[in-house]
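Asks: I need the structure of the sequence given here:
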Amino acid sequence: MVAPNGARKGKGDHPALPITPVELAETARACAAAGATAIHVHVRDEAGRHTLDADRYRAAIAAIEAVSDIRVQITTEAAGRFEVADQIACLAEVRAREASVALREIERVPARLAEAYRVAEDAGTEVQHILYDGADLTRLLALIDAGTIPARFEKALFVLGRYAEGQRATPDDLAPFLSALGARKLDWSVCAFGPGEQDCLLAALRHGGGGRVGFENNISAPDGRVFADNAAAVRALVAAAAREGFQPGQDS
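Replies: Numbering: from 1, shown residues only. Prediction:
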């Protein structure tokens, strides 16, 4: 999976960071050609701010699907702007095939937690949970075991380095998640902040997980050079993974 833009970065961070539907579509096409099997999409409002607007999501999805058969995952990220009600409305109105949901965000209103997953089920949306530490993972598994979150949503993304000094992840940051997971079966992937991104994603592959690469979390190669675009980041990861016997189908 490629995460090409995120909620906060702009052209000042990298001129090739995609913002508009046309830019997202071109990025999706190029990244699919480079080996990505899915794209994690953020959309922006007229002022360039992160938004959960359904019409803007539909426009972005339509533009991407017009040029590529890559899987499209939307985000429900609050980004300090949106409430649980907004996130649930986004799921209900967009009815995307896939969406990411940060567990600690959607739990801000416990009384609406079950509703959020009913909405996702009704919409036919596959949910991937964004988890920031081992405690988040332990909580997710407990909610699944309790039946609050349907077992069909046993999918997670482990975020490495979000709260590390300088937001620079290392493969060691994966250890707390693996400890919390134990022998439990779970469809999991990793994203990682900073130039250690590739090393972290390769570590995830070695442990049976997947990887999410892209400018949302990192714009630099392991040697410090800035990637030309998201497709270059995908190609670099695919090449490094291939040297260890992994194929692009394991990148989501």
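
Asks: Dump the C-alpha coordinates for stretch 176-189 into CSV.
Replies: What follows is stretch 176-189, C-alpha atoms only, in CSV (Å, rounded to 0.1, in the frame of the first residue of the first chain):
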residue,chain,number,x,y,z
PRO,A,176,5.8,-3.9,21.5
PHE,A,177,3.2,-4.7,18.9
LEU,A,178,4.5,-8.2,18.3
SER,A,179,4.5,-8.8,22.1
ALA,A,180,0.9,-7.7,22.3
LEU,A,181,0.0,-9.8,19.3
GLY,A,182,1.6,-13.0,20.6
ALA,A,183,0.3,-16.0,18.6
ARG,A,184,-2.9,-14.3,17.7
LYS,A,185,-3.8,-14.3,14.0
LEU,A,186,-4.3,-10.8,12.6
ASP,A,187,-4.0,-9.1,9.2
TRP,A,188,-1.5,-6.5,10.0
SER,A,189,0.8,-4.0,8.3
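
Asks: buried sites along that stretch?
Replies: 176, 177, 178, 180, 181, 186, 188, 189 (16 or more other Cβ atoms under 10 Å). The C-beta positions use only the backbone N, C-alpha and C, and glycine is treated the same way.

Asks: One more: stretch 107-126?
Replies: In stretch 107-126, counting by 16+ other Cβ under 10 Å, buried: 107, 112, 113, 115, 116, 117, 119, 120, 123, 125, 126.

Asks: Closest one of these to residue 197?
Replies: Here the nearest of the buried residues of stretch 107-126 to residue 197, counting by Cβ to Cβ, is residue 126; it sits at 24.2 Å.

Asks: Give the bridge partners for the closest one, please.
Replies: residue 98 (DSSP bridges).

Asks: What distance do you get for it to residue 20?
Replies: For residue 126, the distance to residue 20 (Cβ to Cβ, to the nearest Å) stands at 26 Å.

Asks: try residue 221
Replies: Distance from residue 221 to residue 20, by Cβ to Cβ: 26 Å.

Asks: swap in residue 7?
Replies: When distance is defined by Cβ to Cβ, residue 7 is 16 Å away from residue 20.

Asks: More neighbours: those two, which one.
Replies: residue 7 (17 against 14; other Cβ atoms under 10 Å).

Asks: So which bits of stretch 142-152 are buried?
Replies: Of the residues in stretch 142-152, 143, 144, 149 count as buried by neighbour count, 16+ other Cβ under 10 Å.

Asks: List the contacts of it.
Replies: Applying Cβ atoms under 8 Å, 6 or more residues apart in numbering, the external contacts of stretch 142-152 come out as 113, 114, 117, 121, 140, 153, 154.

Asks: go with 7 Å
Replies: For stretch 142-152, the external contacting residues (Cβ atoms under 7 Å, 6 or more residues apart in numbering) are 113, 114, 117, 121, 154.

Asks: any chance you could map the strands in the protein?
Replies: Assigned by DSSP state E, the chain shows strands spanning 38-41, 43-44, 50-51, 71-75, 98-102, 126-131, 155-160, 187-192, 210-211.
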